[in-house]
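>>> predicted model and sequence below, questions to follow.
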Amino acid sequence: MMSFIKYKILAFCVAILLLVSCTKSEENSIDNLVKNNLEFSEKQLSQMLEWLDNTTLSPGSVEEDGSTKLVKPGDWTSGFFPGNLWMIYEYTRDPQWRKQAEHYSMNIENEKLNGGTHDMGFKIYSSFGNGYRLSNEAQYKAILLQSAKTLTSRYNPKIGCIRSWDHNSDKWDFPVIIDNMLNLELLFWASRETRDQRYYNMAVSHAEKTLEHHFRDDYSTYHVVSYDTITGEPVKKNTHQGHSHESSWARGQAWGLYGFTMTYRETGQQKFLDQAHKIAGFILKHPNLPEDKVPYWDFDAPGIPNEPRDASAAAIICSALYELSLYSKGEEKEWYLSQADQILTSLSSPAYRAKLGGNNFFLLKHSTGNYPKNSEIDVPIVYADYYFLEANLRRLKIAGNWEGEKAAVIIKADDLVYNKQTAVPAQWKKFAELSIQKNNKVAPGIVGSSLENGDERFFTWIKEQQQTGLFEFWNHGQLHKRWEKEGERQSEFINSSLTEQLAYLHQTQTLASEKLGIEFKTFGAPYNWTDENTVEALKQLPELKVWLYAPTNAETDKIKVERIPALNIEYPVHQANFYHLFNSYYFYSTKNVIAIQGHPLSWDDHDFVQYSLMIDYLQGIGTPIVLPSELN
């Protein structure tokens with residue numbers, strides 16, 4: 001009997017080991033697949049660039065005679081090729097790719113003023129949006145903001161939507177197509193950058209109207225909904241590129257999935273996430289979805305299985321599912337990942353991925369543009385390549401298994417202040433509890449005046465956190481105030497004398513020693529404002545070893561941790577944004593150390609959820625999260 005029990009235990013252990021081994025093997029397989037895809041894309045697009053020879057046009061597809069179709073800036077697909085180049089730059093970090101991406105992006109700059117199209121997101125955000133994220137180039141920001149402003153001219157407040165096409169006025173009074181969901185990302189971005197709520201409100205209204213009127217009971221979508229401009233109500237629901245008015249055009253389903261996943265990311269509203277889940281269910285459980293999960297051009301095309309596939313729809317779905325997995329948990333998360341991995345595996349096979357040097361230098365074969373118009377059927381199309389590249393990069397970031405060491409991260413939590421009623425503000429208590437729960441190291445900056453005015457409750461709480469070994473408090477100045485003097489901005493460490501700056505530093509250091517028994521070893525200025533007097537003042541405090549967000553050009557013996565505007569806890573300031581960090585960390589991960597800044601005092605529940613996702617992500621991919629004093 002005992003030997004039988006031992007046998008069962010041994011068998012169970014072997015089964016577990018095999019399961020773990022298989023899971024690890026599958027992960028390695030996908031990692032290798034992604035690496036191979038991205039390296040292939042780099043080589044294939046290098047040949048495309050050599051063939052293009054610096055033209056002002058962008059490749060769009062392939063003509064019936066087999067020649068490459070080049071598109072002008074006004075074409076709705078003109079932004080995807082520069083976007084592809086930006087993504088190769090992101091993967092390789094090679095400045096030569098940035099140079100090419102800049103060239104092809106600037107070719108379409110004037111589209112920022114084209115109010116005759118709703119495709120501003122496709123054109124400008126796919127190109128300059130990626131460019132700004134990877135370069136922080138002020139010119140790109142200006143182009144993006146003008147583009148968003150232009151796009152708003154197509155918004156009708158009575159209907160609550162952005163008008164799609166101006167053509168076919170005999171068919172539609174005010175057409176809105178499902179594709180238009182993706183152009184909302186530009187408006188959400190503009191809202192964050194400008195703090196102008198109008199952009200946000202327009203985008204949310206458009207998404208709400210689309211959710212209400214575009215979808216059938218089974219969560220398939222109409223392609224076109226036309227509205228009455230007098231009543232604001234929908235009057236027609238049609239297709240333009242699908243098989244029939246009541247059929248499910250595959251790329252339309254893909255746009256819907258991608259669009260509502262993105263809208264949830266930008267709003268945090270559960271209804272948009274619920275819609276994304278339901279659209280995903282429709283697609284992935286559809287009886288006409290082929291075994292390789294690359295859909296036919298329409299889920300209801302009459303000649304299935306002898307209908308053309310649409311690799312572009314598959315690539316969009318794949319990329320969207322990877323993002324949707326980020327906002328899902330447990331079995332649902334794993335299901336989305338496995339489904340996306342299956343699609344990516346199919347697209348990476350010889351059946352769909354081109355041979356090096358072939359396919360007119362496009363990446364994917366077998367896309368379908370507009371079947372009813374007999375246009376771009378079973379050909380490579382540039383936006384299929386775009387979402388294929390994005391899907392690969394998203395999978396790379398999810399796994400975190402890229403080559404090289406990852407940059408160490410400091411959680412720079414600013415503005416710990418004393419509260420007379422509670423001593424420690426509730427948000428800071430929640431931040432500390434979350435840090436301890438996740439065994440996560442954090443570096444809160446204490447404003448010196450709170451040490452001067454605080455009471456024993458405040459001091460005791462700080463000491464308790466310090467004793468966990470997860471917290472390192474630092475000198476965040478004395479006043480944390482700003483003012484104007486003779487027309488110039490002024491704070492403790494900008495446009496203040498050397499004597500004044502020294503006094504502020506010394507006062508906070510002294511208070512920390514007297515009230516907490518702590519010697520601060522790290523400094524970070526309020527508002528990150530400093531000048532040459534700050535450099536000189538810090539030289540006289542040798543106990544301060546680390547300078548958080550030191551200016552790049554500061555000549556100092558301190559360990560400088562420079563600010564990376566594109567990589568932070570918050571985007572914009574005071575709003576925690578998980579996806580922003582997720583999407584940017586890989587590119588900057590070659591740095592030795594990165595400090596990401598947040599202001600817990602200003603956070604609501606949604607911000608804490610976003611922050612929690614960040615920590616789970618960073619810890620999950622093996623990012624070293626360190627305290628400032630641990631830097632060498």
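The structure has been received and is ready for your questions.

>>> chain center to stretch 377-391, what's the gap?
20 Å (CA atoms, centre = their mean, to the nearest Å).

>>> please apply the same query to stretch 303-315.
29 Å.

>>> which other residues reach it?
Contacts with stretch 303-315, where a contact means CB atoms under 8 Å, 6 or more residues apart in numbering, come from 250-251, 253-254, 288, 290, 293-298, 301, 343, 346-347, 352, 364-369, 371, 377-378, 381, 383-388, 391. All C-beta atoms are positioned from the backbone trio N, CA, C, and that covers glycine.

>>> just the ones in strands from those residues, please.
367-369, 377-378 (DSSP state E).

>>> in the chain, where's the longest strand?
Identified as the longest strand of the chain according to DSSP E is strand 408-416.

>>> helices or strands up against that one?
helix 426-437, strand 443-446, strand 593-598 (3 or more CB pairs under 8 Å, 6 or more residues apart in numbering; DSSP states H and E).

>>> which of the ones you listed is buried the deepest?
Mean neighbours per residue, mean count of other CB atoms under 10 Å, is largest over the helices and strands packed on strand 408-416 for strand 443-446, with a mean of 25.

>>> show me what counts as buried in stretch 58-77.
Within stretch 58-77, the residues that count as buried by 16 or more other CB atoms under 10 Å are 58-62, 68-71, 73, 75-77.

>>> report the two of the residues you listed separated the most.
Greatest spatial distance among the buried residues of stretch 58-77 (CB to CB): Val62 and Pro73, at 19.9 Å.

>>> what's the burial count for Lys521?
17 (other CB atoms under 10 Å).

>>> can I get the ones in strands among the contacts of stretch 303-315 in TSV including distance to Trp335, neighbour count and pLDDT?
As requested, these are exported to TSV (distance: CB to CB, whole Å; neighbours: other CB atoms under 10 Å; pLDDT from 0 to 100):
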residue	distance to Trp335	neighbour count	pLDDT
Ser367	26	30	98
Thr368	27	28	98
Gly369	30	22	98
Ile377	32	16	97
Asp378	30	16	98
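
>>> go through the residues you listed and name the one nearest Ser147.
Looking across the ones in strands among the contacts of stretch 303-315 and measuring by CB to CB, the closest to Ser147 is Gly369, at 24.1 Å.

>>> can you tell me how far that closest one is from Ser61?
7 Å (CB to CB, to the nearest Å).

>>> now the common contact residues for the two.
With CB under 8 Å, 6+ apart, Gly369 and Ser61 have common neighbours 376, 379, 381.

>>> for these, which entry has the maximal number of neighbours?
Highest count within the shared contacts of Gly369 and Ser61 by other CB under 10 Å belongs to Ile381, 26 neighbours.

>>> output the ones in strands among the contacts of stretch 303-315 as TSV; include the columns distance to Leu184.
Formatted as TSV, the ones in strands among the contacts of stretch 303-315 follow (distance: CB to CB, whole Å):
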residue	distance to Leu184
Ser367	24
Thr368	25
Gly369	23
Ile377	29
Asp378	31
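
>>> what's the closest of the buried residues of stretch 58-77 to Asp604?
Among the buried residues of stretch 58-77, and counting by CB to CB, the member closest to Asp604 is Trp76, at 37.7 Å.

>>> remind me which helix or strand the closest one belongs to.
Counting by DSSP states H and E, there is no helix or strand that carries Trp76.

>>> for it, grab phi and psi.
Dihedral pair for Trp76: phi -70, psi -20, per degrees, to the nearest 10.

>>> in the stretch 1-150 of the chain, which spans are strands?
Secondary structure of the stretch 1-150 of the chain (DSSP state E, counting those that start in this stretch): strands at 58-62, 68-71.

>>> with the stretch 501-632 of the chain instead?
Along the stretch 501-632 of the chain, counting by DSSP E, counting those that start in this stretch, strands occupy 522-523, 546-548, 559-561, 593-598.

>>> quick one: which of the ones you listed is nearest Glu42?
Closest among the strands of the stretch 501-632 of the chain, using CB to CB: strand 593-598, at 25.3 Å.

>>> tell me the helices and strands packed up against that closest one.
strand 408-416, strand 559-561, helix 578-588.

>>> make it 10 Å
strand 408-416, strand 443-446, strand 546-548, strand 559-561, helix 578-588, helix 605-620 (3 or more CB pairs under 10 Å, 6 or more residues apart in numbering; DSSP states H and E).

>>> where does the stretch 201-350 of the chain dip in pLDDT?
Along the stretch 201-350 of the chain, no part satisfies pLDDT under 70.

>>> the nearest residue to Gly160 once chain neighbours are set aside and Leu211, how far apart?
Excluding the flanking residues, the one nearest Gly160 by CB to CB, 6 or more residues apart in numbering is Ser205, at 4.1 Å. Per CB to CB, Ser205 is found 11 Å from Leu211.

>>> now swap in Val409 and tell me
Taking CB to CB, one finds Val409 at 37 Å from Leu211.

>>> next: Phe459.
51 Å.

>>> using PDB, write out every CA atom in stretch 429-443.
What follows is stretch 429-443, C-alpha atoms only, in PDB (Å, rounded to 0.1, in the frame of the first residue of the first chain):
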ATOM      1  CA  LYS A 429      -1.000  55.000   4.200                       C
ATOM      2  CA  LYS A 430      -2.600  53.100   1.300                       C
ATOM      3  CA  PHE A 431       0.600  53.500  -0.700                       C
ATOM      4  CA  ALA A 432       2.700  52.200   2.100                       C
ATOM      5  CA  GLU A 433       0.400  49.200   2.700                       C
ATOM      6  CA  LEU A 434       0.500  48.300  -0.900                       C
ATOM      7  CA  SER A 435       4.300  48.500  -1.000                       C
ATOM      8  CA  ILE A 436       4.500  46.200   2.000                       C
ATOM      9  CA  GLN A 437       1.900  43.800   0.600                       C
ATOM     10  CA  LYS A 438       3.900  43.500  -2.700                       C
ATOM     11  CA  ASN A 439       7.300  43.500  -0.900                       C
ATOM     12  CA  ASN A 440       8.200  46.500  -3.000                       C
ATOM     13  CA  LYS A 441      10.900  49.000  -2.300                       C
ATOM     14  CA  VAL A 442       9.900  52.700  -2.500                       C
ATOM     15  CA  ALA A 443      11.600  56.100  -1.900                       C
END
